[in-house]
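Asks: need a 3D model of the sequence below.
(2 chains)
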Amino acid sequence: MRLWAKGLIVLADVATVAGVIAIWQSDSARTATYLSRPSDIASAIKVWLTNSTLLGYIPVTLEEAALGMVIALVAATVLASLLASSSYAAGVLEPFMALGNAAPRIALAPLFLLIFGTELKSKVIFVATAVVFIPFFSIFRALTTVDKDILNNARCLGARRMWIVRDVYIPAVTSSVVASLRVTVAFSLLTAILAEYLASQEGIGYEIQQAQQNSQTNFAMAGVVIIALIAVCIDMALRLLERRALVWRDPS
Amino acid sequence: MSTAWSKRILQLLILAAIVGLWQLLVSAGEFNAIAVASPGSVANELGSLLGNTTIWLDMLHTLRGLAIGYLAGVAVGTAIGTLMGVSAVVRAYLTPFVAFLNAVPRLALIPLLVAWLGFGQSQQVVLVFLVVVFMVLLTVQASVQNIPKRFVDNARMIGASRLELVREVYLPAIGIWVISSARVAIGIGLQVALVGEFFGGHQGLGYMIEEGEATYNTNLIYAAVVVTAVLAIVIDQLLGVVNRRAARWLP
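Replies: As a prediction, this is how the structure comes out:
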């Protein structure tokens, strides 16, 4: 695409955002009760950014999401490697994995909080169990669908088991982890917020819940917008990482 | 003994071990009784529930919300995703909006949806739609973009019209991805449908869980979870069959 065309599209994006905000702002009577108003949301965000308590909620939420996600990634890698190394074990355990994946974990958040309490630990466990199957299935698939030709080539060249792991399996897993990372990260954030929303004394989810309870819709919406902005920034960073990490991959 | 049989037997043994361990731990008082019910009492609860019509109506209610929300999501997601896949201009224009909206924590919107649409199925449908539509959209966009250029060129070379190109090249490529993404999308959609009922419903499996929590009837919660898991597995198996059928013609 030409540079001027790109510029035009950015302009069109900006115009659309401005238009939506203008319409939303002017249609105050009906939607304001449910969705607040852009100007009120903006002032809530301003309060948020100048208030150190509220600002402190952001790292709290990020910490829960990140810890839960790391545990999920490690567990998924270990589990997937074990299952992929034996097709018999995979066949035996497959229905149990499906069962775990099918359990309505999000609706079970209150039970988690009952069993594990309301501190950091319970939120981390909740996030980890909620997202673990996303990387698990993609790593498992990557390990079991490694190109036979590549494996045979490596063996022909006299690769030992360790070499094959290092040069064939680890790259395959890395690319699938990176590819599923964006979804995993987004879900980790969402589940961390849900856990805070349901039972917590701090975090962005807690602030949204408090605001809704006090009918401060603009603060609730500000929380939603802040989370979305954080998620978009992380997603953009991950996309860059993905491009970097996967340069070596066959472009087809 | 064939491997298939030994697998089945092992699976049953593992299941028995899990249930046995669970029962033992509960009997030994290892868990908070409000949080964890014993397998025996859950089975009892399930038995009495399944003899009643309410649970079947609840299941139907959840499935209906899931189906309407999912189909609406597939329709809209496919339409926009195809446009974004085909046209670089549309893609460049819409990508920032899709990225932002997809990042919005939609479960936090439930109270707003309930205030807006009331307690009932419409907020649940909208919630499922909002989650599914972006998953489908991104899948379809990627699948259209990844159609090998030589397929399109070949079809053109042998004189395919625009309509034929859509029918013979684009639709099959999109269809196969929508079907293969359906397993994940419907799995997540089911959970979202449950959450919708949990917070703002008066019927359905999610409402059952909510009812169980509100009345400290832990057996009811676990019974609802078991029913949901079975339902999810049945749906997943059905989609797996559809998937294999649809993928048969693939190279």
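Asks: distance of B:Lys7 from chain A?
Replies: Distance from B:Lys7 to chain A, counting by CB to the nearest CB, to the nearest Å: 5 Å. In this view, the C-beta of every residue, glycine as well, is placed from N, C-alpha and C.
Asks: can you tell me the element that residue falls in?
Replies: Assigning secondary structure by DSSP states H and E places B:Lys7 in helix B:3-27.
Asks: count the residues that sit near the closest residue to chain B within the stretch 1-150 of chain A.
Replies: Residue nearest to chain B within the stretch 1-150 of chain A: A:Ala102 (3.3 Å; CB to the nearest CB). Using other CB atoms under 10 Å in any protein chain shown, A:Ala102 has 22 neighbouring residues.
Asks: just checking, it touches B:Val227?
Replies: No: using CB atoms under 8 Å, A:Ala102 makes no contact with B:Val227, being 10.9 Å away.
Asks: hmm, back to that, specify the local secondary structure of the residue lying closest to the residue of the stretch 1-150 of chain A closest to chain B once chain neighbours are set aside.
Replies: Leaving aside its sequence neighbours, A:Ala102 sits nearest to B:Ala232 (CB to CB, 6 or more residues apart in numbering or on different chains; 3.3 Å). Following DSSP: H, G, I helix; E, B strand; the rest coil, we place B:Ala232 in the helix state.
Asks: B:Ala232 and B:Gly189 touch, don't they?
Replies: No: using CB under 8 Å, B:Ala232 is not in contact with B:Gly189, being 10.2 Å away.
Asks: tell me which of those two has more neighbours.
Replies: Between B:Ala232 and B:Gly189, counted using other CB under 10 Å, B:Gly189 has the larger neighbour count: 24 against 20.
Asks: how is chain B divided into domains?
Replies: Domains of chain B are assigned by automatic domain parsing as B:1-30, B:37-247.
Asks: my read: B:Ala193 touches B:Gly201, true?
Replies: No: B:Ala193 is beyond contact range of B:Gly201, at 9.3 Å (criterion: CB under 8 Å).
Asks: which neighbours do those two share?
Replies: Common contact partners of B:Ala193 and B:Gly201 (CB atoms under 8 Å, 6 or more residues apart in numbering or on different chains): B:Gln124.
Asks: these two - which one has more neighbours?
Replies: Shown here are B:Ala193 and B:Gly201; by other CB under 10 Å, B:Ala193 has more neighbours (34 against 26).
Asks: pLDDT value on the closest residue to the more buried one other than its chain neighbours, please?
Replies: Ranked by CB to CB, 6+ apart and with sequence neighbours excluded, the top spatial neighbour of B:Ala193 is B:Leu66, at 4.4 Å. On pLDDT, B:Leu66 comes in at 94.
Asks: wait, B:Leu66 touches B:Gly189, no?
Replies: Yes: using CB under 8 Å, B:Leu66 is in contact with B:Gly189, at 5.4 Å.
Asks: who touches both of those two?
Replies: B:Val128.
Asks: which residues in chain A form strands?
Replies: Here chain A has no strands by DSSP state E.
Asks: which stretches of it have low pLDDT?
Replies: Scanning chain A for pLDDT under 70 picks out A:28-32, A:246-252.
Asks: try chain B
Replies: B:1, B:247-251.
Asks: ranges for the helices of the chain?
Replies: Assuming you mean chain A. For chain A, the helices defined by DSSP state H cover A:3-26, A:28-35, A:38-50, A:52-85, A:87-102, A:109-116, A:120-131, A:133-144, A:148-156, A:161-164, A:170-198, A:204-213, A:217-245.
Asks: sorry, should have said chain B
Replies: Counting by DSSP H, the helices of chain B are B:3-27, B:39-50, B:53-86, B:88-103, B:110-117, B:121-145, B:149-157, B:162-165, B:171-200, B:205-214, B:218-247.
Asks: can I get the second one as CSV, trimmed to CA atoms?
Replies: C-alpha atoms of helix B:39-50 as CSV (Å, rounded to 0.1, in the frame of the first residue of the first chain):
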residue,chain,number,x,y,z
PRO,B,39,-19.0,-37.9,44.8
GLY,B,40,-21.7,-40.0,46.4
SER,B,41,-23.9,-37.1,47.3
VAL,B,42,-23.4,-35.5,43.9
ALA,B,43,-24.5,-38.7,42.3
ASN,B,44,-27.5,-38.8,44.5
GLU,B,45,-28.4,-35.2,43.5
LEU,B,46,-27.8,-36.0,39.8
GLY,B,47,-30.1,-39.0,40.1
SER,B,48,-33.0,-36.9,41.5
LEU,B,49,-32.3,-34.1,39.1
LEU,B,50,-32.3,-36.2,36.0
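Asks: what about that helix, distance to the chain center?
Replies: In terms of CA atoms, centre = their mean, to the nearest Å, the centre of helix B:39-50 is found 25 Å from the chain centre.
Asks: with the shortest one instead?
Replies: When C-alpha coordinates are averaged (CA atoms, centre = their mean), helix B:162-165 and its chain have centres 33 Å apart.
Asks: so which bits of the stretch 101-250 of chain A are right by chain B?
Replies: In this structure, the stretch 101-250 of chain A approaches chain B at residues A:101-108, A:110-111, A:114-115, A:186, A:189-190, A:193-194, A:197, A:205, A:208, A:212, A:217, A:220, A:223-224, A:227-229, A:231-232, A:235-236, judged by CB under 8 Å from any CB of the partner chain.
Asks: buried ones only from these, please, as a ChimeraX command.
Replies: In ChimeraX, this line selects whichever of those come out buried by 16 or more other CB atoms under 10 Å in any protein chain shown:
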select /A:101,102,103,104,105,106,107,108,110,111,114,186,189,190,193,194,197,205,208,212,217,220,223,224,227,228,231,232,235
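Asks: before we move on, the earlier item: contact partners for the residue nearest to B:Ala193?
Replies: With CB under 8 Å, 6+ apart, B:Leu66 has these contacts: B:128, B:186, B:189-190, B:193.
Asks: ok, those residues vs B:Leu57, which is closest?
Replies: Checking the contacts of B:Leu66 against B:Leu57 with CB to CB, the nearest one is B:Ala193 at 15.0 Å.
Asks: who touches the closest one in this structure?
Replies: Contact analysis of B:Ala193 by CB under 8 Å, 6+ apart lists B:62, B:65-66, B:69, B:124, B:127-128, B:204, B:206.
Asks: going by neighbour count, which of the residues you listed comes out on top?
Replies: In the contacts of B:Ala193, the most neighbours by other CB under 10 Å go to B:Gln124, 34 neighbours.
Asks: quick one: that one and B:Phe199 touch, right?
Replies: No: applying CB under 8 Å, one finds B:Gln124 not in contact with B:Phe199, separated by 9.3 Å.
Asks: so is stretch A:1-19 next to chain B?
Replies: Yes: contact of stretch A:1-19 with chain B (CB under 8 Å from any CB) involves A:1, A:5-6, A:9, A:12-13, A:16.
Asks: mind saving the C-alpha coords of that stretch as CSV?
Replies: C-alpha atoms of stretch A:1-19 as CSV (Å, rounded to 0.1, in the frame of the first residue of the first chain):
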residue,chain,number,x,y,z
MET,A,1,0.0,0.0,0.0
ARG,A,2,1.2,3.5,-0.8
LEU,A,3,2.1,5.8,2.1
TRP,A,4,-0.6,8.3,1.3
ALA,A,5,-3.2,5.5,1.3
LYS,A,6,-2.0,4.4,4.7
GLY,A,7,-2.3,8.0,5.9
LEU,A,8,-5.8,8.2,4.6
ILE,A,9,-6.8,5.0,6.4
VAL,A,10,-5.4,6.3,9.7
LEU,A,11,-7.3,9.5,9.1
ALA,A,12,-10.5,7.5,8.5
ASP,A,13,-9.9,5.5,11.7
VAL,A,14,-9.4,8.7,13.7
ALA,A,15,-12.6,10.2,12.1
THR,A,16,-14.6,7.1,13.0
VAL,A,17,-13.5,7.2,16.6
ALA,A,18,-14.3,10.9,16.8
GLY,A,19,-17.7,10.4,15.2
